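Enquirer: Curious how this folds, go ahead:
(one chain, ligands or ions: 1)
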Amino acid sequence: LTTLAKQIAGCTACGLCRGRQQAVPGEGIMQPSIMVIGEAPEALDDREGRPFVDRPGLMLDNMLTAIQSSRAHNVYVSNMVKCRPPGNRNPKPIELQACKPFLMRQIELVRPFSILAVGRAAQSLLETQEPLDQLRQVTHSLTVVGQKIPLIVTYHPALLLNHPGEKAAVWQDLQLLKTVSGMS
Ligand code: SF4
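Expert: All right, here's what the predicted structure looks like:
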């Protein structure tokens, strides 16, 4: 993972390298119960070189705490693209494609028991345009080097900042995640 982080830090495979202050590879525990995958780093993440440390990250930490989990204990956190898109725009398909090998290698090395895909990362990982509403509450899977990893979809924690009414739906998703990751 250290070697991979160095490769990511020096990567110029897509245009996002030009706007970054720091690449944001990921952080957390190896062989975690849960690997959280978001779409892209936010402004503070970009400054600190760490994923999910901006306001949505604090919300994510609260979500994890609600299921007795944390990145210090049993979670690894990462994103589809490792460099922040300017102005927090969505990553372009060409950028997602360019960065995907890093994520796949990361999953291979981290070896999570389950994946929680938040927001549009779910559609990217599952290669579908189906709305999140229809992807939630279903146990999907992602195959990485022959290993099938259960994958649960929920809303991005950033959405909960503006739409706290969706917390009940996220809670349901976290309960399903607990089940598939063997935590309950
Ligand atoms: Fe490289 Fe990914 Fe950053 Fe693009 S987003 S420059 S592919 S590390």
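Enquirer: going forward, measure contacts between C-alpha atoms and count neighbours the same way
Expert: Fine.
Enquirer: spatially speaking, which residue is in the middle of this structure?
Expert: The centre of the chain sits closest to Ile37, judged by C-alpha atoms, centre = their mean, with a distance of 1.2 Å.
Enquirer: Tell me if it really is in a strand.
Expert: Yes: if the criterion is DSSP: H, G, I helix; E, B strand; the rest coil, then Ile37 is within a strand.
Enquirer: partner residues bridging it?
Expert: Ser78, Ala117 (DSSP bridges).
Enquirer: surely it meets Gly119?
Expert: No: using C-alpha atoms under 8 Å, Ile37 is not in contact with Gly119, being 9.1 Å away.
Enquirer: List the residues that contact the residue nearest to the centre of the chain.
Expert: Residues near Ile37 by C-alpha atoms under 8 Å, 6 or more residues apart in numbering: 77-80, 115-118, 121.
Enquirer: going on from the helix or strand hosting Leu142, what's the next piece of helix or strand?
Expert: Secondary structure from DSSP states H and E places Leu142 in strand 140-144. Remark: after strand 140-144, the chain's next helix or strand is strand 147-154, criterion DSSP H and E.
Enquirer: ok, now how distant is Val104 from Asn79?
Expert: Actually, residue 104 is Met rather than Val. Between Met104 and Asn79 the computed distance is 11 Å (C-alpha to C-alpha, to the nearest Å).
Enquirer: The two: which is more packed in?
Expert: Between Met104 and Asn79, counting by other C-alpha atoms under 10 Å, Asn79 is the more crowded of the two (23 against 15).
Enquirer: Give the closest residue to that one in space, chain neighbours not counted.
Expert: Nearest residue to Asn79 in three dimensions, chain neighbours excluded: Gly38, at 4.4 Å (C-alpha to C-alpha, 6 or more residues apart in numbering).
Enquirer: Let me see the contact set for that neighbour.
Expert: Contacts of Gly38 (C-alpha under 8 Å, 6+ apart): 78-80, 117-121, 156.
Enquirer: Kindly report the same for Cys17.
Expert: 11, 23, 83.
Enquirer: I'd guess it is in a strand, am I close?
Expert: No: looking at Cys17 with three-state DSSP, it is helix, so not inside a strand.
Enquirer: pLDDT score for it?
Expert: Looking at Cys17, its pLDDT is 97.
Enquirer: How about Leu103?
Expert: For Leu103, pLDDT reads 98.
Enquirer: What distance do you get for it to Leu126?
Expert: Taking C-alpha to C-alpha, one finds Leu103 at 14 Å from Leu126.
Enquirer: Among these two, which residue is more densely surrounded?
Expert: For Leu103 and Leu126, the more surrounded residue by other C-alpha under 10 Å is Leu103, and the numbers stand at 20 against 16.
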